[in-house]
Each structure stands twice: as structure tokens, then as C-alpha cells.
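Colleague: Could you work out the structure for the sequence below:
(2 chains)
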Amino acid sequence: GESVGLHLPTLSVQEGDNSIINCAYSNSASDYFIWYKQESGKGPQFIIDIRSNMDKRQGQRVTVLLNKTVKHLSLQIAATQPGDSAVYFCAENYGGSQGNLIFGKGTKLSVKP
Amino acid sequence: NAGVTQTPKFQVLKTGQSMTLQCAQDMNHNSMYWYRQDPGMGLRLIYYSASEGTTDKGEVPNGYNVSRLNKREFSLRLESAAPSQTSVYFCASSEWGRIQETQYFGPGTRLLVL
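Modeller: From the prediction side, this is the model:
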């Protein structure tokens, strides 16, 4: 079946470097994408989202890029900090309902001081 | 403003036992959700409630029942727990359940079924 997946299950970066977390999706009907951050022992926390009519969206220190041609989503974190250490999930949505939100498996980001 | 709260935080059950996971939100949201999270897998939707008085099945509803008690509370019941239901359970809420809304998650309930 169609699913959301991640290229890298773990990512280790040096503090101050930029991080890039990738996500592949296979449902061409998906039109809304979200990135969540989950710290150890906590629930997921919304980071940034993007609709399919956009290819880039920026937030505070984070940028999401969407490439619909290859069905690829990425999250860029600028000047990565120790507090950014967490598991990051991408999720896709189709059908206009929150009941259709499909999550990927997650990438663990470790920031080395 | 506590956001989304869940009880209990941790529970151990024997196979065949029943229990109810409680969830409450104080953000006046209309929509609420129950997910499970298993190692190496993403969150999977069990049930959701688009508004008070309605519930719908998600991706993995078998073995679970839900009750939207009122606008604030959404409970998840395991009638006869099985080891396959060992997981971390997250409750979430959103304002209207529309596509561009953020879902706010609780801290999770860790369930171990022996």
C-alpha cells in the first residue's frame, strides 16, 4: 500500500551545523504535509506544514521543501542546537480530513555539542 | 491551560483484562483523536471524533472502543487486552478537524500487556 517513509532513520550533526531530514511519500493525492518533533517521553509537537500548491515554506530556523515531481519532502533546521535533538516525523494528508493523516516512521536527530 | 492531558501515564495489564484510557483537552477543540505508536512505526490512527457526538474508525480500530463523553473528553477502551496492544497511546485534539489545523498531542500512555 501507499505509505510515508523516511530515507534516514538516524542523523547525527554537530551543534551549529544545518540539519536536513528527508521524507518520501507515495500517495500522489496527498495535498498537505506536516512535520512533527517528538522529544523523548513526550507527545509529538507541530513544527511546520506545507500545502501542495507550495514548494517551500519557512518558519523560525526551519524550512520545509516539497518536490512533488519526485514525491519528496525535507525539513531543514538551521544552526542546529542541542534542544533540537528529537525524533522528527513527516505526515501526509489527503481527502481534506484530519482522519486521513498518515505518519512516517520518524528520524532520530542527535546533536553533538 | 494544560492542553491535552492523559491518564494513566503507565499501565500494566494481563491478557484479557480491560481498561479505559482517559483523555481531556481544555482548548475548546471540537475534534479529538486516539493514536498508537509502536517501535519503528509511525503513529497510527485508532479512532477519531470530528465533533461531540460522533466517532469514526481510523486505520487500526480492531480491539478498541471509544466514547466522546462531552466536548472535553474522549476515552479509549480495551475490552480484552492482548499482547499486540502493547504500545504507547497518544490522544490529540484539533479545533475543527480540518486539513490545515494543527493537532495538539498529550504526553501519552504507555501500556504493557503481559
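
Colleague: pLDDT below threshold where in chain B?
Modeller: B:99 (pLDDT under 70).

Colleague: Flag every residue of it that's near chain A.
Modeller: Residues of chain B lying near chain A by CB under 8 Å from any CB of the partner chain: B:4, B:31, B:33, B:40-45, B:48, B:50, B:56, B:58-59, B:90, B:92, B:94, B:97-108. For the C-beta atoms, the positions are set from N, CA and C on the backbone; glycine is no exception.

Colleague: Just these: which are in strands?
Modeller: B:4, B:31, B:33, B:44, B:45, B:48, B:56, B:90, B:92, B:94, B:104, B:105 (DSSP state E).

Colleague: from those, which would you call buried?
Modeller: B:4, B:31, B:33, B:44, B:45, B:48, B:90, B:92, B:94, B:104, B:105 (16 or more other CB atoms under 10 Å in any protein chain shown).

Colleague: so the spatially most central residue of chain B bridges to which residues?
Modeller: By CA atoms, centre = their mean, chain B has its centre lying nearest to residue B:34, at 2.7 Å. Residue B:34 forms beta bridges with residue B:47, residue B:91, as assigned by DSSP bridges.

Colleague: low pLDDT regions in chain A?
Modeller: Under the criterion pLDDT under 70, the flagged ranges of chain A are A:1-8, A:95-99.

Colleague: what ranges do the strands span in it?
Modeller: For chain A, the strands defined by DSSP E cover A:4-5, A:10-14, A:19-25, A:32-38, A:45-51, A:56-58, A:62-67, A:72-77, A:86-93, A:101-103, A:107-112.

Colleague: what would these look like in TSV with distance to residue B:83 and mean neighbour count?
Modeller: Formatted as TSV, the strands of chain A follow (distance: least, CB to CB, whole Å; neighbours: other CB atoms under 10 Å in any protein chain shown):
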stretch	distance to residue B:83	mean neighbour count
strand A:4-5	27	18
strand A:10-14	28	13
strand A:19-25	31	20
strand A:32-38	24	23
strand A:45-51	30	17
strand A:56-58	42	13
strand A:62-67	38	18
strand A:72-77	34	20
strand A:86-93	24	23
strand A:101-103	23	23
strand A:107-112	26	17
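
Colleague: who wins for proximity to residue B:85 among those?
Modeller: Among those, strand A:101-103 comes nearest to residue B:85, with 18.6 Å by CB to CB.
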